[in-house]
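Chemist: Following is a predicted model, sequence given first.
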Protein chains: 2
Amino acid sequence: MSATVSPLAPTSYPALPEIGGVRFATAEAAIRYKGRTDVLLVLMDEGTTVGGVFTTSKCPSAPVDWCRARLAGGKARALLVNSGNANAFTGRKGRDAVTLSAGIAAHAAGCAPGEVFLASTGVIGEPLDATKFEGVLGATAARAEGRDWLAAARAIMTTDTFPKVATASADLGGTGIAINGMAKGAGMIAPDMATMLSFVFTDAAIAAPVLQALVATETVDSFNAVTVDGDTSTSDTLLVFATGKAGGAPIDSLDDARVPAFRAALAAVLGDLAVQVARDGEGARKLVKVTVEGAVSKESARRIARSIANSPLVKTAVAGEDANWGRVVMAVGKAGEPADRDRLAIHFGGIRVAVDGERDPAYDEAETSAYMQNPEIEIRVEIGLGEARDTVWTCDLTKEYVAINGDYRS
Amino acid sequence: MSATVSPLAPTSYPALPEIGGVRFATAEAAIRYKGRTDVLLVLMDEGTTVGGVFTTSKCPSAPVDWCRARLAGGKARALLVNSGNANAFTGRKGRDAVTLSAGIAAHAAGCAPGEVFLASTGVIGEPLDATKFEGVLGATAARAEGRDWLAAARAIMTTDTFPKVATASADLGGTGIAINGMAKGAGMIAPDMATMLSFVFTDAAIAAPVLQALVATETVDSFNAVTVDGDTSTSDTLLVFATGKAGGAPIDSLDDARVPAFRAALAAVLGDLAVQVARDGEGARKLVKVTVEGAVSKESARRIARSIANSPLVKTAVAGEDANWGRVVMAVGKAGEPADRDRLAIHFGGIRVAVDGERDPAYDEAETSAYMQNPEIEIRVEIGLGEARDTVWTCDLTKEYVAINGDYRS
């Protein structure tokens, strides 16, 4: 955990309501370090449904394998999260640890092991000693309550400098529902999947297949639109749980008239959490919003935006408060997507710095340099070939990123 | 230009022979800074053939457009290179500057503008004032000689900390030939094309189509196998010139019995230059060789090797002398190529750190940490699914990289 909080951290946190049917508690299991909260146990009432998305890594962690297999059941009663050890690349020992962890959590929660979801974050390649959960989870379950969401969000942090929570509410045909979410993630963050650990809870009543479909689509412009370093974890997990405790008939079809309201609220929570992850990018001093317009398709716009957002040269220029739009041109060019050098226009915030393939005639170095001193930078590129657009969030690349990652394991 | 020379710089330079038909000189044209050598003019005798490869950027520089178009002619008499300004993203002004530059160089060399090749490196997006070549190139041509290759290599440097030259010789059916090469490049280096500026000269007699074919294939495992930051320049250019002054009948077919000997010598020069570029990666303190074995195809091995070599988390771990093989697993997983977590083996140098999907039972932290203190690190991954292998070269990611690139333009 970093000593100093990101300068981009939120200055206040929203008040998160209780979610009917959700209780949780944290604990110290000494997974890696003693005297540190490293376990979060969430208990959910019977009838809770679940949807989720996971890393696209070809070498996923044992907990990711476990959750993927459990998702087919669509039912959840417990979530066990630990920090300190990712239980990734741990071979048969990892699979055994997952089975043992689920058994211990199921015993504590009074449910079947197949209703337990697991997530682990921390060091890769070290065996996770799941026996450490034994004797801890029973007391943890007994303590569970539904109020202190910030404490829960803190328990899952690794190199994060601040806890990440978000909340939204919606009216589903006269029934008020709430959605609370938390996330952890600061490095090894790249889109293509959930890109971090995030857990979202709602009291809405939603059938598992509908929930799964909504989670998949609403990830695209939230967690999949965030990148810190282009690296993809073996453990990325987003799980959304719906207890149904708000009442009302369950939503069991995407055609249900209540879906748009729920979708909007879910998108708000996921989007909020995702941008917080970019704000807490390892060593970040600036939040960068990259928007690509006029591309031939959304996919093309996304690839160009990612190329810019992942470019070390663009990110170091932002860190140096240098309006180096030439590097933006470079990143557009290397994306390999349709682009015409002589139609490109580039904006930093409200300032057009380049147009028609060359520097804007009105370019003013002093004005642009002053803009670059802002903590939040917007880079907007007009491709000029189509109508599609997309936005990706990232942060700058600083010496602190190198320091954090050159000295993480030891 | 950086103040301190890379610790990975060669301790001595080879003696480069003169190449019959090649003369050159450097000059100060005050392209960007006064009092600094920023121009290289190379003159080649009539009958010189040329082959080349260029950046895959969709936004190439004006000189790249110019060279691509000229390559069809297959003839070269002059090469004009400047540093300080890349003449990239300069719109119509850039095209005009290229035409003017070629005209001035052609006048100085006594050839047609279509026989002039151009390369520019430096800042993107600033108009290049080609009139600065006027009054400079005539005197430069008059000074041209064929001996001081290091001075030529120095003239094309930007953020490089040392000049890069290489040489090889071959016996082509009783005719001895030589190949000299120079390169510049330290950042914005990623494969997919020449990845930097490199100019190679031989006195062999080779028809242009044969030369072009050889350049294209021999780039694959040299310049295309090097990455510093995954960023691709708008200006990457590799040109190979063959004067034919060594004598002998020209090689006019790839089936010619002399081709293998020439190909081997060319590969040696290009490979040598490419690894020197990795050694001079911006801020580099360690050279990293990434080898992937047992992949399903060479292309797959290359993609996995690049994923490892471009991972900021792997590169910062190397900078921190941390044998963090978990991050290597991460990078294998994110490559998206066929891989089976439970068959992976990972080696750092001669030390196997992981096998069968988990930490090697014989893993010794002290031994591995001692290895990581070497200036040259080899990471070798066995995928265990096939017979194909590939190697990519890179360097570590240090705070100095961030410092260099956060303060380059200003």
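Modeler: Nice, thanks for sending it over. Numbering: from 1, shown residues only, chains lettered A, B, ... in the order given.

Chemist: can you give me the helices for the stretch 151-300 of chain A?
Modeler: A:208-219, A:259-279, A:298-310 (DSSP state H, counting those that start in this stretch).

Chemist: Which of those helices has the highest mean neighbour count?
Modeler: Of the helices of the stretch 151-300 of chain A, the one with the most neighbours on average (mean count of other C-beta atoms under 10 Å in any protein chain shown) is helix A:298-310, at a mean of 23. To be clear about C-beta, it is placed using only N, CA and C from the backbone, and glycine gets the same treatment.

Chemist: which element follows it toward the C-terminus?
Modeler: helix A:312-319 (DSSP states H and E).

Chemist: Output that next one as PDB, nothing but the C-alphas.
Modeler: Only the C-alpha atoms of helix A:312-319 are listed here, as PDB (Å, rounded to 0.1, in the frame of the first residue of the first chain):
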ATOM      1  CA  PRO A 312       4.400   5.500 -22.700                       C
ATOM      2  CA  LEU A 313       5.500   8.600 -24.700                       C
ATOM      3  CA  VAL A 314       2.000  10.200 -24.500                       C
ATOM      4  CA  LYS A 315       1.800   9.400 -20.800                       C
ATOM      5  CA  THR A 316       5.200  10.700 -19.900                       C
ATOM      6  CA  ALA A 317       4.500  13.900 -21.900                       C
ATOM      7  CA  VAL A 318       1.400  14.400 -19.700                       C
ATOM      8  CA  ALA A 319       3.500  13.800 -16.600                       C
END
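
Chemist: quick revisit: of all the helices of the stretch 151-300 of chain A, which lies closest to A:A388?
Modeler: helix A:298-310 (4.8 Å; C-beta to C-beta).

Chemist: what is the mean pLDDT for that closest one?
Modeler: Per-residue pLDDT over helix A:298-310 has a mean of 95.

Chemist: repeat for stretch A:44-56
Modeler: Averaging pLDDT along stretch A:44-56 gives 95.

Chemist: measure it end to end?
Modeler: End-to-end span of stretch A:44-56 (C-alpha to C-alpha, to the nearest Å): 27 Å.

Chemist: Now do the same contact list for the residue in chain A sticking out farthest from the centre.
Modeler: Relative to the centre of chain A, and counting by C-alpha atoms, centre = their mean, the farthest-placed residue is A:P361 at 40.5 Å. A:P361 makes no contacts at all, as judged by C-beta atoms under 8 Å, 6 or more residues apart in numbering or on different chains.

Chemist: just to revisit the earlier point, could I get the helices of the stretch 151-300 of chain A in CSV, plus columns for distance to chain B?
Modeler: Output for the helices of the stretch 151-300 of chain A, formatted as CSV (distance: least, C-beta to the nearest C-beta, whole Å):
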stretch, distance to chain B
helix A:208-219, 17
helix A:259-279, 15
helix A:298-310, 8
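
Chemist: State whether the residue farthest from the centre of chain A is indeed within a strand.
Modeler: No - A:P361: not assigned to a strand; according to DSSP: H, G, I helix; E, B strand; the rest coil it is coil.

Chemist: ok, now how distant is the closest residue to A:G386 other than its chain neighbours from A:Y33?
Modeler: Nearest residue to A:G386 in three dimensions, chain neighbours excluded: A:V296, at 4.1 Å (C-beta to C-beta, 6 or more residues apart in numbering or on different chains). Using C-beta to C-beta, to the nearest Å, A:V296 is found at 50 Å from A:Y33.

Chemist: Could you do A:G386 as well?
Modeler: As judged by C-beta to C-beta, A:G386 and A:Y33 stand 52 Å apart.

Chemist: Of the two, give the one with the bigger neighbour count.
Modeler: A:G386 (15 against 12; other C-beta atoms under 10 Å in any protein chain shown).

Chemist: Name the SS class of the more buried one, please.
Modeler: Per three-state DSSP, the local secondary structure of A:G386 is coil.

Chemist: isn't it right next to A:E293, touching?
Modeler: No - in this structure A:G386 lies outside contact range of A:E293 using C-beta atoms under 8 Å: 9.2 Å.

Chemist: which ones are touching the residue nearest to A:G386?
Modeler: A:337-338, A:383, A:385-386, A:388.

Chemist: how does it look with 10 Å?
Modeler: A:337-339, A:383, A:385-388 (C-beta atoms under 10 Å, 6 or more residues apart in numbering or on different chains).

Chemist: If the nearest residue to A:V355 once chain neighbours are set aside is in a bridge, with which residues?
Modeler: Once flanking residues are discounted, A:V355 sits nearest to A:A345: 4.5 Å by C-beta to C-beta, 6+ apart. Going by DSSP bridges, A:A345 is paired in beta bridges with A:E382.

Chemist: do the same with A:G122
Modeler: With DSSP bridges as the criterion, A:G122 is bridged to A:G84.

Chemist: And for A:T55, the neighbour number?
Modeler: Neighbours around A:T55, by other C-beta under 10 Å: 27.

Chemist: what's the nearest residue to it if we skip its chain neighbours?
Modeler: Of all residues not flanking A:T55 in the chain, A:D236 sits nearest, at 3.7 Å (C-beta to C-beta, 6+ apart).

Chemist: Surely the one you found is in contact with A:V226?
Modeler: No - between A:D236 and A:V226 no contact is recorded; they are 11.3 Å apart, counting by C-beta atoms under 10 Å.

Chemist: Can you tell me the closest non-neighbouring residue to the residue in the stretch 151-300 of chain A that chain B sits nearest to?
Modeler: When scored by C-beta to the nearest C-beta, the stretch 151-300 of chain A has A:T232 as its residue closest to chain B, at 3.8 Å. Excluding the flanking residues, the one nearest A:T232 by C-beta to C-beta, 6+ apart is B:K334, at 3.8 Å.

Chemist: wait, does the helix or strand of chain A with the lowest mean pLDDT contact chain B?
Modeler: Of all helical and strand segments in chain A, the minimum by mean pLDDT, DSSP states H and E falls on helix A:399-406, at a mean of 82. Yes - between helix A:399-406 and chain B, judged by C-beta under 10 Å from any C-beta of the partner chain, the touching residues are A:399-406.

Chemist: quick one: that helix to chain centroid distance?
Modeler: 21 Å (C-alpha atoms, centre = their mean, to the nearest Å).

Chemist: list the helices and strands that helix packs on?
Modeler: helix A:312-319, helix B:312-319, helix B:399-405 (3 or more C-beta pairs under 10 Å, 6 or more residues apart in numbering or on different chains; DSSP states H and E).

Chemist: Columns distance to A:D203 on top of the ones you listed, output as a markdown table?
Modeler: Output for the helices and strands packed on helix A:399-406, formatted as a markdown table (distance: least, C-beta to C-beta, whole Å):
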| stretch | distance to A:D203 |
| --- | --- |
| helix A:312-319 | 40 |
| helix B:312-319 | 38 |
| helix B:399-405 | 46 |
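
Chemist: Tell me which of those sits nearest to B:I251.
Modeler: Evaluated with C-beta to C-beta, the helices and strands packed on helix A:399-406 place helix A:312-319 nearest to B:I251, the distance being 40.2 Å.

Chemist: Now for the residue of the stretch 1-150 of chain A found nearest chain B: which residues touch it?
Modeler: Going by C-beta to the nearest C-beta, chain B is nearest to A:I124 of the stretch 1-150 of chain A, at 2.8 Å. By C-beta under 10 Å, 6+ apart, the residues touching A:I124 are A:59, A:61, A:85-90, A:188, A:233-235, A:409, B:324-330, B:333, B:354, B:359.

Chemist: Over to A:A78?
Modeler: For A:A78, the contacting residues are A:24, A:41-44, A:48, A:102, A:105-113, A:115-118, A:137, A:141, by C-beta under 10 Å, 6+ apart.

Chemist: now swap in A:G185 and tell me
Modeler: Contacts of A:G185 were listed using C-beta under 10 Å, 6+ apart, and they are A:121, A:156-160, A:164, A:194-198, A:223, A:226, A:228, A:233, A:236, A:273-274, A:276-278, A:280-282.

Chemist: And the pLDDT at it?
Modeler: Note for A:G185: predicted pLDDT of 77.

Chemist: count of residues packed around A:A144?
Modeler: 16.

Chemist: can you check the one 10 residues further on too?
Modeler: Using other C-beta under 10 Å, the number of residues around A:R154 comes to 21.
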